[in-house]
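Asks: Let me see the structure of the following:
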Amino acid sequence: MQKKTELITNKDGSIFHLNLLPGDISEKIVIVGDPGRVDMLASLMQDIRVRKENREFHTVTGSFENTEITVISSGIGTDNIDILVNELDALVNIDLNTGISKEEPVSLTFVRLGTSGGLRMDIPAGSYVLTETAIGFDGLLHFYEGYDWILDTGLSDALVEYLEWPDTLAYPYAVNANKELIELFQKENFKKGITISTPGFYAPQGRRLRLETFDNEINNKLAEFSYMGRTISNYEMESSAIYGLSALLGHKALTICLVIGNRVTGEFVQDYKPLMSDLALKVFNII
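Replies: As a prediction, the model looks like this:
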């Protein structure tokens, strides 16, 4: 049995941060960042049987076209994803009473539906981008053992050399999306590319307010980077952790983001909710 400080549950037996019980979730899970977006997606669903929330983690489980789906908010950042993915995995793969892993693990399907910033002229605001590979500037995966086999080391090494990446920062790691999910979403003809997941919104994404960044040209450099015909399309803050942890735990993961701003042109979509609703409908119809 694990220590109570390793796998923490609440008085009602629910998992600590998500406040969920094992039966509360579907095997198909849509992850959004904004807790308010959960209600927007819930309006597209029927027969909602679960509505729970704790902190930034809001959860709804219901059906869409006779398929059960869970929508859950993660909040912002890979630190929140570390909590989210591990606790969702625990709900289906660990006995919460004993802390013992189940003999036959369950594979969950995660589709992140988020917003992002475009990094190239050919990714205008309003685009839908499917993340073929996520590169993490956050360092989260380095805290886990045995991740070498899931990495696209050629890509990350090429980017490190190209950017002259400083030793003071965590070494970037690249993880590919699940191939089955990429094939499933091919018919929508989304724009595809490499996504950079950063550990912050301002300096880590090249923004300057009162403080300077370590590299004032990083956005231009990322926009011009190419590796074996692949280019970097956008910035966001969660996908590297979702892809990395999912691969290690045996889950399937894919991110599709709405580009609400283009960092090259400065174009920004102020009212992006109709586009997000349209994207959510596309995702629901496919999964």
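
Asks: Strands along the protein, start to end?
Replies: Using DSSP state E, the strands of the chain run over residues 28-32, 46-54, 57-64, 67-73, 109-118, 128-136, 173-176, 191-197, 226-227, 230-236, 252-262.

Asks: Of the ones you listed, which is nearest Tyr162?
Replies: Among those, strand 226-227 comes nearest to Tyr162, with 8.5 Å by CB to CB. Just so you know, the C-beta spots here come from the backbone N, C-alpha and C atoms, and that holds for glycine as well.

Asks: circling back to that earlier point, same list (the strands of the chain) but as JSON lines, adding mean neighbour count, mean pLDDT and distance to Trp149.
Replies: Listed next are those as JSON lines, based on neighbours: other CB atoms under 10 Å; pLDDT from 0 to 100; distance: least, CB to CB, whole Å:
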{"stretch": "strand 28-32", "mean neighbour count": "23", "mean pLDDT": "98", "distance to Trp149": "24"}
{"stretch": "strand 46-54", "mean neighbour count": "13", "mean pLDDT": "97", "distance to Trp149": "34"}
{"stretch": "strand 57-64", "mean neighbour count": "21", "mean pLDDT": "98", "distance to Trp149": "30"}
{"stretch": "strand 67-73", "mean neighbour count": "22", "mean pLDDT": "98", "distance to Trp149": "28"}
{"stretch": "strand 109-118", "mean neighbour count": "24", "mean pLDDT": "97", "distance to Trp149": "20"}
{"stretch": "strand 128-136", "mean neighbour count": "24", "mean pLDDT": "98", "distance to Trp149": "15"}
{"stretch": "strand 173-176", "mean neighbour count": "24", "mean pLDDT": "98", "distance to Trp149": "11"}
{"stretch": "strand 191-197", "mean neighbour count": "24", "mean pLDDT": "97", "distance to Trp149": "20"}
{"stretch": "strand 226-227", "mean neighbour count": "14", "mean pLDDT": "97", "distance to Trp149": "20"}
{"stretch": "strand 230-236", "mean neighbour count": "23", "mean pLDDT": "97", "distance to Trp149": "20"}
{"stretch": "strand 252-262", "mean neighbour count": "25", "mean pLDDT": "97", "distance to Trp149": "16"}
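
Asks: now those in a markdown table, with distance to Ile150?
Replies: Shown next, in a markdown table, are the strands of the chain (distance: least, CB to CB, whole Å):
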| stretch | distance to Ile150 |
| --- | --- |
| strand 28-32 | 19 |
| strand 46-54 | 30 |
| strand 57-64 | 25 |
| strand 67-73 | 23 |
| strand 109-118 | 15 |
| strand 128-136 | 11 |
| strand 173-176 | 6 |
| strand 191-197 | 15 |
| strand 226-227 | 18 |
| strand 230-236 | 18 |
| strand 252-262 | 11 |
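
Asks: Of these, which is nearest Ile8?
Replies: That would be strand 46-54 among the strands of the chain, by CB to CB, at 12.6 Å.

Asks: Given that closest one, what are its sheet partners and their directions?
Replies: Paired strands of strand 46-54, with direction, are strand 57-64 (antiparallel) (DSSP bridges).

Asks: contacts for the strand it pairs with?
Replies: Identification of contacts with strand 57-64 by CB atoms under 8 Å, 6 or more residues apart in numbering yields 17-20, 24-26, 35, 38-39, 41-42, 44-53, 68-75, 83-84, 284.

Asks: May I have that strand exported as CSV, CA atoms only?
Replies: Taking Å, rounded to 0.1, in the frame of the first residue of the first chain, the C-alpha atoms of strand 57-64 are listed here in CSV:
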residue,chain,number,x,y,z
PHE,A,57,-10.6,21.7,-12.4
HIS,A,58,-14.2,21.8,-13.6
THR,A,59,-15.6,18.5,-15.0
VAL,A,60,-18.7,17.6,-17.0
THR,A,61,-19.5,14.1,-18.3
GLY,A,62,-22.4,13.5,-20.7
SER,A,63,-23.1,12.3,-24.2
PHE,A,64,-22.8,13.6,-27.7
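
Asks: just the helices in the stretch 151-287 of the chain please.
Replies: With DSSP state H, counting those that start in this stretch as the criterion, the stretch 151-287 of the chain has helices at 153-163, 179-184, 218-224, 239-249, 273-286.
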